Structure formats: C-alpha cells, structure tokens
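S.K.: Following is a predicted model, sequence given first.
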Amino acid sequence: GENVEQHPSTLSVQEGDSAVIKCTYSDSASNYFPWYKQELGKRPQLIIDIRSNVGEKKDQRIAVTLNKTAKHFSLHITETQPEDSAVYFCAASKENFGNEKLTFGTGTRLTIIP
Amino acid sequence: GAVVSQHPSWVICKSGTSVKIECRSLDFQATTMFWYRQFPKQSLMLMATSNEGSKATYEQGVEKDKFLINHASLTLSTLTVTSAHPEDSSFYICSASGSEGWADTQYFGPGTRLTVL
C-alpha cells in the first residue's frame, strides 16, 4: 500500500520567515495530494491541495509543489504569522476524487516564534 | 457548504461498555464515509471506508467485530466501539465525500474524543 513520509517532525521559524515541509510517497499511482492544518483537539482543515496534472499551486502565502518523477511534494508558507502555528499533515490518494482513501504523513509541528 | 458533524464531541465510558459515534453530512449526500483514529501526537490512521448501503472495508489490523460501522443512509454513518477498553481511548474522526460537486475531496467532522476508564 501507499506510504507517505513527512519531514521535519518539528519546525520552528521566526515570524515573517518562510517554512517548508516535505513529503515523499511510494505509490506512483497516487494522483491527489492535499495538505491539512490541525489545531489541538480540532478537525484537520484542508489548506491547499494539488493534483497530478500540475506542478505547482499557490494560494496567497501558501504554495505546494509536486514532483511526480521523484515522488515528492512540498508545502511552502511565506511571511509566517503566529496563527500559522499548528500541526500540518500531508496526504496522498490514488484518485482525483474524495471517495478514495487518503494516506497521511506523520505530521509536522510548526511553531512560529514571535 | 460541505458541513460534516459528529456526535458526541466527547464521551467517557467504563471498560466493557459499547459506545456509538454518529457522523452526519448536513448539506450534501455522502456516498463514501471514512473513519479515522488519532492517538495523541500521532497522525490520522484510516480504520475503514464505507459506501452507502454496502459493508465497510476495514484496514489491515482493524477488528471489524470490535469497530462496527454502519452507513445506512446518504447522510449518516455510525461507528460503534464494542466492549471498549482503555487502549481504545482516542480521537475518532470521520470524513465524507459525495458525488458531483462534493466529490473533489474529503470533508472532515470535528472529531469525537473517547475516554475509556
């Protein structure tokens, strides 16, 4: 089955600096790669996703890049703010649809230092 | 749109009892629902996938007789933890996906924190 690795497990950055989280996946058939932000005791919140037909997607301060050849994708957060502090999970699934199961990475605890 | 609710939000029960958790899609028809378990400081682990009107498909290592999943309607799925034990204490999260405009991703419920004494 699919295996998703995520690095780093913890990340501390100064407010205003950029943060980068990286994930690799094992199944070359995976086509959909969402990123979630989870605050303590709350549901995962989809912040951005990318599908296999594009290499990069940006939404204001957040961007995701995908390299299908190398089977890795990354989350980039620029101009970080204290409210960006949370746990971030990457995930992968085989289809471009929500009815296919997701395999999650192990998570990255991001701390923004004021 | 795309609101998924869970009930209860938290529950405490005694060892050996059964607990039922409900997952509802409030504004769309959920053709597929997923149940995840999340232990403290860990990732979400998929327990099972259920399609409306069909038996759930359980992930390897998840006991189907212990974690009963019912997806009898397009807006409701239930997870029953039978004969709960302290090691079942966890954060249980459901997600739902529909058809057409609701098929692009999974929509997550707020989670249910189960504590077994």
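M.R.: Ah, there it is.
S.K.: Cross-check the contact I'm expecting between residue B:91 and residue B:37.
M.R.: Yes: using CB atoms under 8 Å, residue B:91 makes contact with residue B:37 at a distance of 7.3 Å. Where you see a C-beta, it was placed from the backbone N, CA and C, and this is true even at glycine.
S.K.: Mutual contacts of these two, please.
M.R.: Counting by CB atoms under 8 Å, 6 or more residues apart in numbering or on different chains, no residue touches both residue B:91 and residue B:37.
S.K.: Kindly list the main-chain dihedrals of residue A:85?
M.R.: Here is the backbone geometry of residue A:85 (degrees, to the nearest 10): phi -60, psi 120.
S.K.: Compute the number of surrounding residues for the residue nearest to it when sequence neighbours are not counted.
M.R.: Leaving aside its sequence neighbours, residue A:85 sits nearest to residue A:112 (CB to CB, 6 or more residues apart in numbering or on different chains; 4.8 Å). Using other CB atoms under 10 Å in any protein chain shown, residue A:112 has 20 neighbouring residues.
S.K.: which residues does residue 70 contact?
M.R.: Just going to use chain A. By CB under 8 Å, 6+ apart, the residues touching residue A:70 are residue A:24.
S.K.: looking at chain B here, not the other one
M.R.: Listed by CB under 8 Å, 6+ apart, the contact partners of residue B:70 are B:50, B:77-78, B:80.
S.K.: what is it paired to in the beta sheet?
M.R.: Under DSSP bridges, the beta-bridge partners of residue B:70 are residue B:78.
S.K.: Could you report the distance from it to residue B:116?
M.R.: Going from residue B:70 to residue B:116 by CB to CB, to the nearest Å gives 21 Å.
S.K.: Which strand or helix spans the residue nearest to residue A:75 when sequence neighbours are not counted?
M.R.: In this structure, residue A:75 finds its nearest non-sequential neighbour in residue A:21, 4.6 Å apart by CB to CB, 6+ apart. For residue A:21, the element it lies in under DSSP states H and E is strand A:19-25.
S.K.: For that strand, list the C-alpha coordinates in CSV.
M.R.: Only the C-alpha atoms of strand A:19-25 are listed here, as CSV (Å, rounded to 0.1, in the frame of the first residue of the first chain):
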residue,chain,number,x,y,z
ALA,A,19,8.5,27.4,6.4
VAL,A,20,8.9,24.4,4.2
ILE,A,21,7.6,20.9,4.9
LYS,A,22,8.4,18.0,2.6
CYS,A,23,6.7,14.7,1.9
THR,A,24,7.5,11.7,-0.2
TYR,A,25,5.2,9.0,-1.3
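S.K.: quick one: contacts of it?
M.R.: A:2-8, A:11, A:13, A:33, A:70-77, A:80, A:84, A:88, A:90, A:92, A:103, A:105, A:108, A:110, A:112.
S.K.: near chain A, which residues of chain B show up?
M.R.: Residues of chain B found near chain A (CB under 8 Å from any CB of the partner chain) are B:31-32, B:34, B:42-46, B:49, B:51, B:91, B:93, B:97-98, B:102-111, B:113.
S.K.: on that earlier part again, from residue A:36, how far out is the residue nearest to residue A:85?
M.R.: 18 Å.
S.K.: got it, and residue A:66?
M.R.: Plainly put, residue A:66 is 16 Å away from residue A:36 if you go by CB to CB.
S.K.: sorry, back to before: contacting residues for the residue nearest to residue A:85?
M.R.: Residue A:112 makes contact with A:12-15, A:19, A:80-85 under the criterion CB under 8 Å, 6+ apart.
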